[in-house]
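Engineer: here is a sequence together with a model predicted from it:
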Amino acid sequence: MGIRRKRIETLIGTFLNKNVPGLRRREKRGDGSIYEFPPLAKCRAAFERLIQQETDWPEQEDWRDKNAFWQASGQSASAPTMPPSER
């Protein structure tokens, strides 16, 4: 079980380093790493380049505005609803 988790963490780290320009690994805690992401606009632009398609993003200026996504989708940040297929 531990080996599989480590492999998944390695795959996620490799994906992030390859696809998120400006990503910084700040420190390592226990068995995992703490990443510092670049500004949200930069991440969104990198994602659009990755999928080769423009996306209609909800209005949210930075990572700290946690409620913007939920407000744009008509849901509450404290109690998001799951799609029917996942209930």
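Structural biologist: Perfect, thanks for sending it. Residues are numbered from 1 along each chain as shown.
Engineer: the nearest residue to K28 once chain neighbours are set aside is in what secondary structure piece?
Structural biologist: Spatially, and ignoring its direct neighbours in sequence, K28 is nearest to I34 (7.4 Å; C-beta to C-beta, 6 or more residues apart in numbering). C-beta: built from backbone N, CA, C; applies to glycine. Here I34, judged by DSSP states H and E, is contained in strand 32-36.
Engineer: how about the helices in this protein?
Structural biologist: 2-19, 40-51, 67-72 (DSSP state H).
Engineer: for G30, find the nearest of those helices.
Structural biologist: helix 2-19 (11.1 Å; C-beta to C-beta).
Engineer: who touches the closest one?
Structural biologist: By C-beta atoms under 8 Å, 6 or more residues apart in numbering, the list of residues contacting helix 2-19 from outside reads L23, R25, D31, G32, S33, Y35, A46, F47, L50.
Engineer: are any of these buried, and if so which?
Structural biologist: Buried members of those, counted by 16 or more other C-beta atoms under 10 Å: L23.
Engineer: pLDDT and distance to W57 for the contacts of helix 2-19 - can I get that in JSON lines?
Structural biologist: What follows is these, written out as JSON lines (pLDDT from 0 to 100; distance: C-beta to C-beta, whole Å):
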{"residue": "L23", "pLDDT": "92", "distance to W57": "19"}
{"residue": "R25", "pLDDT": "87", "distance to W57": "26"}
{"residue": "D31", "pLDDT": "70", "distance to W57": "33"}
{"residue": "G32", "pLDDT": "75", "distance to W57": "28"}
{"residue": "S33", "pLDDT": "80", "distance to W57": "27"}
{"residue": "Y35", "pLDDT": "87", "distance to W57": "21"}
{"residue": "A46", "pLDDT": "92", "distance to W57": "13"}
{"residue": "F47", "pLDDT": "93", "distance to W57": "9"}
{"residue": "L50", "pLDDT": "92", "distance to W57": "14"}
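Engineer: I appreciate the help and will end here.
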